[in-house]
Every structure is written in structure tokens, then in C-alpha cells.
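Q: for reference, the sequence and a predicted model appear below.
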Amino acid sequence: MGAIGVFTNVIAIAVLFKPYKKNKILSKIPLLNKFALGYIPAHKDNLGKSIGKVIDDDILNSSKIQDLLINNKENTLQYAIKYFENSNYNVLMNFVSNKKNNIVEFIYKKLIKNIYEDKNVSNINCNISNIHINSIMTKNKLLILIDKLKNNKNKIANLTANYLVQKISNKTIKESVSDNILYNINSNIRNSIITNIYDEILNNIDYKSVNSVLSGIEDKYSKVINKTINDVVNEDMKKSLESYMMNNAESFVFNEMKYAAISVLKNKVTNEFNVDESIGSLFGGKIRILINENLNKVTDIIIEKLTKVLHNNESLIENKVKEEVNKNLNFFEKIAYSMAGGDAIVESCVSVAVNKKIPIFIDMKFYEINNLIQKSLDNDIYPMNIEELKLRADELDISGLLNTIFEKGQNSNRLSDEINKLCKIAIDSIYNENIDDLLAIVNLNSIDGIKDKFHDHISYVLENLKINLDKNKENLQEYIGDIIQNEFISKVEGIPLNRILAGIKENDLYYAVDILLDKAFSDEAVDKELKSVLSNIYDEQLSNTVLKDIYDESMITEILERAFINLLANDKVLREVKSSIGKIVDNIVDSNFDFIDSNFRKEVSNKIIGGALNSVIINSNELVKSIDLKTVTHEQIKIMDSEEIHDLFNSFAGAFFKKLYAYGAFGAVYGINLYLPVIWAVKETVTSSMNNVKDGYKIKDNID
């Protein structure tokens with residue numbers, strides 16, 4: 001029997017994996033066709049899913065791995081820091097040395113990119129702009145320059161004429177006149193106009209002026225008001241008015257009326273709750289009557305809500321049952337559970353219970369539930385005194401209740417249609433009214449009536465207007481000044497000079513400049529005076545002037561940008577730049593970062609290592625999930641040969657299989673238990689028979 005048990009276990013485990021390939025003969029024999037291929041190879045897909053699920057949920061769970069990293073964060077950090085320090089940063093040095101070409105290429109590309117994007121032209125231009133004139137030109141050089149200019153009079157005349165032509169043809173007044181001159185002109189114009197406008201406004205703000213204006217429009221006013229509203233309102237205004245009234249009517253019903261109802265109901269509830277009475281007698285017992293009359297509906301609502309809660313939490317119930325089942329299974333039981341589709345069975349059972357069995361059971365118990373609710377109300381709820389609830393009126397969500405009611409009404413198209421119909425009727429009746437009749441009610445059907453009605457108001461407004469004008473004089477002047485600047489001065493400044501000086505030619509300019517230079521250079525007194533003026537200009541202005549005060553910075557910027565472009569297009573220069581970067585990296589590696597303070601180096605490395613570790617911990621969950629161990633395991637097992645699967649199981653469960661073989665030997669115990677009674681019975685039978693034979697012989701001998 002022991003041999004049979006061992007043999008049976010060997011066959012049972014072998015059948016799990018063998019045959020590795022489907023046996024064509026067995027596959028055609030009924031009953032035996034299930035053994036044509038090993039059980040696990042035949043169910044390789046389910047095996048892959050099950051093992052993948054166990055690995056993903058239990059063995060290599062992302063949350064567990066993250067918790068493990070968090071719990072050992074400090075030890076890991078200290079080990080990494082100590083490792084770097086003990087190696088004297090050789091790890092980093094080796095990395096930089098091995099990746100030198102990549103590092104050089106990265107720095108080079110980054111440098112070139114930054115140069116292209118930000119050529120630092122502004123910084124260079126700033127340095128050039130701040131150079132003082134006296135550092136590049138002395139007073140003597142400036143005076144000597146006058147003598148040299150005399151010898152080039154014609155050239156100067158030509159250049160000046162060309163410059164003026166270009167200036168006239170391409171420049172506006174603003175571009176051609178200095179800022180100081182423009183400022184003085186603008187200030188004079190602004191001050192003159194602003195003063196006149198302000199005085200004019202102030203002088204015309206009185207009741208007499210307003211009265212004169214109103215009297216002048218009396219005839220027009222009479223003609224306008226002797227019409228119906230329909231005559232003076234166009235279709236667009238009608239539609240706009242209708243829309244406005246309808247929207248505001250709905251707003252009144254669903255907003256103002258709602259708030260009024262909430263206030264009234266709150267007061268009513270407050271008064272009721274302040275009276276010493278039971279819940280059943282609240283509001284004259286109307287609540288009790290209402291609940292009793294609709295008890296069946298209340299019961300239906302309770303049952304419906306209960307069923308809905310169960311249905312909505314079906315997944316939660318399923319997960320809880322699965323969790324309890326999985327909690328009590330070992331590794332192999334989990335595999336068997338997954339291969340047998342245990343989750344699907346649990347889901348099916350829970351679904352049947354929640355969606356079929358429990359609702360049917362509740363429906364069958366409807367009247368029992370109904371009676372139970374009625375008894376609870378009669379015996380416990382209705383007799384209860386309001387004070388026992390310790391409930392205040394302000395704790396009830398009366399606002400929420402009425403808001404819900406009004407929202408339902410607001411969403412009702414029928415109610416909105418009725419409101420719109422009433423508004424339409426009201427608007428049509430208003431349109432047919434005469435304006436004069438309506439205004440006569442408030443004595444506004446004439447200009448004299450308006451004057452009498454609003455005399456005090458007009459006087460008050462005019463008086464306050466004068467006071468405000470006086471208080472805000474500066475703001476008003478600034479506002480008027482902005483209008484003058486934007487609408488007049490700016491447009492004048494933008495007029496091109498060629499429109500003003502149309503007809504003047506280059507020859508005319510050359511002739512005028514030539515005469516001026518002739519007079520200046522031929523007269524000794526003028527020459528002396530010119531040198532004196534230049535000397536004074538140099539002492540007072542140029543000696544303390546920087547270049548940015550006398551040249552166009554945009555021109556220098558353009559020149560510098562062009563120089564940068566040419567520089568970056570020079571291959572030789574770029575090769576030198578890359579070579580220099582390589583030498584710098586070599587020097588860093590050779591110095592082993594000795595040029596950096598040890599404490600600073602340690603602090604920086606600690607922060608980098610800590611940051612890297614924190615990044616790994618923070619992203620470990622998503623990292624493990626991104627690997628998708630469940631899918632990977634499933635796919636890998638699907639492509640594995642049957643023999644490889646057998647070897648895989650032998651690698652971690654081979655010893656367990658051998659124990660199972662040995663456990664088969666215990667079948668001998670069952671054999672002993674089976675045959676021992678039989679042998680004992682045979683022995684007893686034989687012994688009894690032999691005793692009977694002996695007794696027979698003894699009786700025979702006695703007879704004889």
C-alpha cells in the first residue's frame with residue numbers, strides 16, 4: 001500500500017506538467033483526452049494571470065516596497081554617503097571620466113544655445129555706453145579737429161546735405177526735434193488749452209445754463225411724449241425688455257419669493273419648537289396624519305433606499321469578501337483559488353445576494369416592515385417630547401428643503417411658461433399706454449414740470465459739481481492734458497518732415513550749408529569764437545559726458561549682434577571653445593574636486609544623494625506600477641515552454657514535491673488498518689475451528 005501511495009503521488013504531480021506537448025492519440029480517446037496535455041500547460045493562461053496577481057498584490061506590492069524604502073531611508077542614505085566619502089568621490093570621478101565626451105558635448109551645446117538666445121549684447125553695450133568722452137578725446141584734439149574740417153569743407157557740405165535730405169525724407173517731427181524743445185512746445189500748448197477749457201466749464205455750470213438748455217428742447221419733448229410706448233420702442237428694445245422682465249420675474253419667483261418663504265417657515269418652526277408638546281402633536285398633529293396616510297410610500301422609500309445602498313456598495317462588499325477569503329489562504333491555495341476563478345465565484349455570489357435574494361426577501365417582508373415602522377412611530381416617535389430631542393429650529397435645514405422645492409419648480413418648463421405668458425400680457429398692455437398719460441401721473445409731462453420736480457436736485461448736483469471740479473482740478477487738467485496729448489500733439493509729432501518741407505531739394509541744402517561753412521571758416525573772428533564755444537562745450541558738457549549720451553545705442557547693439565553671428569559661424573573658434581571645455585573637465589577630474597571646500601563638497605553631495613533617494617522613494621510606487629508585473633508575468637508564462645514551467649516549479653517547490661512522494665508511503669498505514677482485522681478474523685476462525693475439532697475428538701474418545 002505504501003508503494004501504491006508513493007506511485008500515485010508521483011503520477012499525480014507528473015500529470016500536472018506532463019505531457020509537455022499534446023498527445024495526439026490520447027486527445028482522440030474519450031475520458032482520456034483530458035490527459036493528452038499536462039494540466040498546467042493546458043491552463044497556462046490562467047496560471048500566468050494567477051501568478052502575476054499574487055506577485056503584484058502580495059510579493060512585489062508597490063506600496064510594500066515603498067514602505068520598505070521609507071522605513072530604511074535613513075540607513076540607505078547613511079550608507080550611500082559613507083560609500084561616497086570612503087571612496088574619496090572616486091565613483092563620481094570615474095563617472096565624469098567615462099562620460100567626459102558626453103559632458104563636454106552637453107556643456108558645449110548648452111553654451112552655444114545660451115549665446116544664441118542671450119548674446120549678452122546688452123551687457124557689452126552697457127560697458128561701451130559708460131565710457132567717458134574725455135578718456136578717448138582731449139580738448140586739444142577737438143580744437144585741432146576744426147582745422148582739419150576747414151580742408152574738407154566741400155565733403156562736409158555734401159555729407160550734411162545728404163544727412164538733411166535723409167532726415168527730412170525719413171523722419172517725423174518727433175524724431176527730428178530734440179526732446180527738450182518738444183517738451184517746451186507741448187507744455188505751452190497743454191497749459192494754454194487746459195486753462196481755457198477748465199475756465200469755460202466752470203463758467204457754464206449754473207442753473208441758468210441748464211434752464212436754457214431744457215427750454216430749448218421743450219417742443220421736441222412734447223412731440224416725443226405724445227406717442228405710445230410702442231411707437232418709440234424698436235423691435236430690438238422690445239425683445240430686450242421682454243427678456244429682461246421674464247428673467248427678472250423668474251428671478252423674483254425663484255429667489256426673492258424663496259427667501260421670503262424660508263423666513264416665514266423658519267419663524268413658524270421656531271414658534272412650534274418653543275412649545276412644550278410631543279412630536280405627534282407638532283403643527284396640530286398634521287405631521288402625524290401626513291406620515292400615517294403615506295406610510296406605505298414611506299416604507300417603499302426606505303426599502304428602495306436600503307436596496308440602493310446595497311447595490312451601490314456591491315463592489316465594496318465583493319472586495320471585503322475577497323479580502324477575507326484571501327487572508328486565510330496560503331501561497332498554493334491562492335494559486336489554486338486564482339486558477340479556479342475564485343474572484344469570479346465570489347463576485348457572482350455577492351451579485352446574486354445583493355441584486356436578487358435580498359431584494360426579494362425585503363419585498364416579502366414588506367408588511368412586517370410596515371407594521372414595525374408604524375409601531376415604532378406610535379410607541380417611540382410620536383409620544384416623544386420635542387425637548388427630549390434637544391433639537392433647535394436653527395438646526396433644521398429648512399433652507400435646503402425649500403431650495404430643493406424651488407429648484408424643482410425652476411426646472412419645470414411648465415411653470416416657466418406660465419410666468420413668461422403673464423409677463424407677455426403685462427408687456428403688451430404697457431406698450432399700448434400713452435407716454436404723456438404715464439408721465440402726467442408724476443407731473444413729468446412738460447419741461448416746466450420737470451424743472452419744478454427736479455429744481456432742488458439740479459441745483460444740488462450743480463453745486464456739488466463745482467465743488468468736485470475745484471477739488472479735482474489737477475485730475476481734470478491731467479485728463480484733459482492726456483486727451484490733448486493723444487488726440488492732437490501725438491498726431492502732429494507723427495507728421496513726416498517731407499510733407500512740411502515738400503519742394504526742397506538736395507542742391508538747395510548743399511548751397512545753404514556751403515555758404516554757412518564759407519562764412520564760418522573764412523572769418524577769423526568766427527573761427528576764434530567757434531573754438532571758444534567748443535572749448536566751453538567740452539569743459540561743461542563733453543568732459544563729463546559718456547558715449548551713451550551722444551550715440552544711438554540700437555546701432556551699437558545691431559553691430560554687436562552681427563559680430564556675435566559671425567563669431568558663431570567660425571568653425572575654428574567653435575573647435576577652440578569645445579577644446580577648452582574638454583581641458584577644464586580634465587583639470588576637474590585630475591584635481592579630484594580639491595578646488596572645492598571639503599565641507600561644501602560634503603554638504604552638496606549629501607543634498608544630491610538625499611534628493612535622489614527621496615525621488616526614488618516618492619516615485620517607487622509609480623515605478624513599480626509602470627513595470628506592470630501582473631501583465632509581464634502573464635506574458636512571460638504564456639511564451640514559456642511546458643518543460644520550462646516544470647523546471648520553474650522544481651526550482652522553488654522541488655523539495656516539496658519530494659515530500660509529497662514520501663507522504664505517499666503513509667498509504668501503508670491505511671493498508672495495515674485494512675488487512676489487520678481481516679488477518680485477525682481469519683486467525684480467530686482457524687483457531688476456533690481447530691478447538692472444535694479437538695473437542696470433537698475428546699467426546700468421541702469418551703463415548704468409546
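A: That came through fine.

Q: okay, now the domains of this structure?
A: What automatic domain parsing lists as the domains of the chain is 2-59+641-665, 73-120+570-625, 133-171+496-545, 277-384.

Q: lowest average pLDDT across those?
A: Of all the domains of the chain, the minimum mean pLDDT falls on domain 2-59+641-665 (a mean of 65).

Q: wait, doesn't residue 446 sit right on residue 217?
A: No. Contact criterion CB atoms under 8 Å: residue 446 and residue 217 do not qualify, at 11.8 Å. Using the backbone N, CA and C atoms, a C-beta is placed for each residue, glycine as well.

Q: those two: which has the busier surroundings?
A: Comparing residue 446 with residue 217 by other CB atoms under 10 Å, the one with more neighbours is residue 446, at 16 against 11.

Q: now do that one, the pLDDT please.
A: Looking at residue 446, its pLDDT is 80.

Q: quick one, what contacts it?
A: 218, 221-222 (CB atoms under 8 Å, 6 or more residues apart in numbering).

Q: repeat for residue 443
A: Residues near residue 443 by CB under 8 Å, 6+ apart: 449, 452-453.

Q: quick one, which of the contacts of residue 446 are buried?
A: Listed as buried from those are residue 221; burial here means 16 or more other CB atoms under 10 Å.

Q: quick one: which of the contacts of residue 446 is nearest to residue 246?
A: Minimum distance to residue 246 across the contacts of residue 446 is 31.1 Å, recorded for residue 221 (CB to CB).

Q: list the contacts for that closest one?
A: Listed by CB under 8 Å, 6+ apart, the contact set of residue 221 reads 446-447.

Q: now it, what's its secondary structure?
A: On the three-state scheme (DSSP: H, G, I helix; E, B strand; the rest coil), residue 221 is labelled helix.

Q: just the CA trace of the helix or strand hosting residue 324, in PDB.
A: Residue 324 belongs to helix 314-327 when elements are defined using DSSP states H and E. Listed next in PDB are the C-alpha coordinates belonging to helix 314-327 (Å, rounded to 0.1, in the frame of the first residue of the first chain):
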ATOM      1  CA  GLU A 314     -21.800  45.900  -4.200                       C
ATOM      2  CA  SER A 315     -18.100  46.300  -5.200                       C
ATOM      3  CA  LEU A 316     -17.200  47.200  -1.600                       C
ATOM      4  CA  ILE A 317     -18.900  44.000  -0.400                       C
ATOM      5  CA  GLU A 318     -17.200  41.900  -3.100                       C
ATOM      6  CA  ASN A 319     -13.800  43.300  -2.200                       C
ATOM      7  CA  LYS A 320     -14.400  42.700   1.500                       C
ATOM      8  CA  VAL A 321     -15.400  39.100   0.900                       C
ATOM      9  CA  LYS A 322     -12.400  38.600  -1.400                       C
ATOM     10  CA  GLU A 323     -10.100  40.200   1.200                       C
ATOM     11  CA  GLU A 324     -11.400  37.800   3.900                       C
ATOM     12  CA  VAL A 325     -11.000  34.800   1.700                       C
ATOM     13  CA  ASN A 326      -7.500  35.700   0.500                       C
ATOM     14  CA  LYS A 327      -6.400  36.500   4.100                       C
END
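
Q: elements contacting it?
A: helix 331-339, helix 342-352 (3 or more CB pairs under 8 Å, 6 or more residues apart in numbering; DSSP states H and E).

Q: buried sites along that helix?
A: Judged by neighbour count using 16+ other CB under 10 Å, the buried positions of helix 314-327 are 317-318, 321-322, 325-326.

Q: list the buried residues for stretch 291-309?
A: Across stretch 291-309, burial judged by 16+ other CB under 10 Å covers 291, 298-299, 303, 307.

Q: do stretch 207-227 as well
A: Across stretch 207-227, burial judged by 16+ other CB under 10 Å covers 210, 214, 221, 225.

Q: what about those, which are in helices?
A: 210, 214, 221, 225 (DSSP state H).

Q: quick check: the last one vs residue 438, distance?
A: Right, residue 225. Counting by CB to CB, to the nearest Å, the separation of residue 225 from residue 438 is 9 Å.

Q: what does the third one give?
A: Using CB to CB, residue 221 is found at 14 Å from residue 438.

Q: just the first one next, same as before
A: According to CB to CB, residue 210 and residue 438 sit 24 Å apart.

Q: one step back: what angle do the helix holding residue 324 and helix 342-352 make?
A: 140 degrees (axes from the mean of the first three to the mean of the last three CA atoms, to 10 degrees).

Q: contacting residues around stretch 359-375?
A: Residues outside stretch 359-375 that contact it (CB under 8 Å, 6+ apart): 292, 295-296, 298-299, 302-303, 306-307.

Q: mind listing which of those are in helices?
A: Members of those lying in helices (criterion: DSSP H): 292, 295-296, 298-299, 302-303, 306-307.

Q: now render those residues as a markdown table, adding distance to residue 71.
A: A markdown table is the format used below for those (distance: CB to CB, whole Å):
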| residue | distance to residue 71 |
| --- | --- |
| 292 | 62 |
| 295 | 58 |
| 296 | 59 |
| 298 | 54 |
| 299 | 54 |
| 302 | 48 |
| 303 | 49 |
| 306 | 44 |
| 307 | 45 |
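
Q: burial of residue 370, as a residue count?
A: The tally of other residues near residue 370 (other CB under 10 Å) stands at 17.

Q: ok, so of the buried residues of stretch 207-227, who is nearest residue 631?
A: Residue 631 has its nearest neighbour among those in residue 225, at 83.3 Å by CB to CB.

Q: I figured that closest one hits residue 447, correct?
A: No. Residue 225 is not in contact with residue 447 according to CB under 8 Å; the separation is 10.4 Å.

Q: what touches both of these two?
A: Shared contacts of residue 225 and residue 447, defined by CB under 8 Å, 6+ apart, are absent.

Q: for my notes, confirm residue 451 occurs in a helix.
A: Yes. Under three-state DSSP, residue 451 sits within a helix.

Q: so it touches residue 213, yeah?
A: No. With contacts counted by CB under 8 Å, residue 451 stays clear of residue 213, the gap being 11.2 Å.

Q: shared neighbours of these two, anything?
A: Joint contacts of residue 451 and residue 213 (CB under 8 Å, 6+ apart) do not exist.

Q: which outside residues touch stretch 299-306?
A: In contact with stretch 299-306 (CB under 8 Å, 6+ apart) are residues 362-363, 366, 369-370, 373.

Q: let's see 10 Å
A: 294, 358-359, 362-363, 365-367, 369-374 (CB atoms under 10 Å, 6 or more residues apart in numbering).

Q: go on, stretch 233-246?
A: Contact with stretch 233-246 is made by 227, 229-230, 416, 419-424, 426-428, 430-431, as judged by CB under 10 Å, 6+ apart.

Q: mind listing what's buried in it?
A: For stretch 233-246, a neighbour-count test (16+ other CB under 10 Å) marks 241-242, 245-246 as buried.

Q: show only the entries of these found in helices.
A: Those of the buried residues of stretch 233-246 lying in helices (DSSP H): 241-242, 245-246.

Q: tell me the one of those nearest residue 100?
A: Taking CB to CB as the measure, residue 100 lies nearest residue 246 of those, at 78.1 Å.

Q: mind checking pLDDT for the closest one?
A: For residue 246, the pLDDT comes out at 74.

Q: again with the one 4 residues further on
A: We note a pLDDT of 68 for residue 250 in this prediction.
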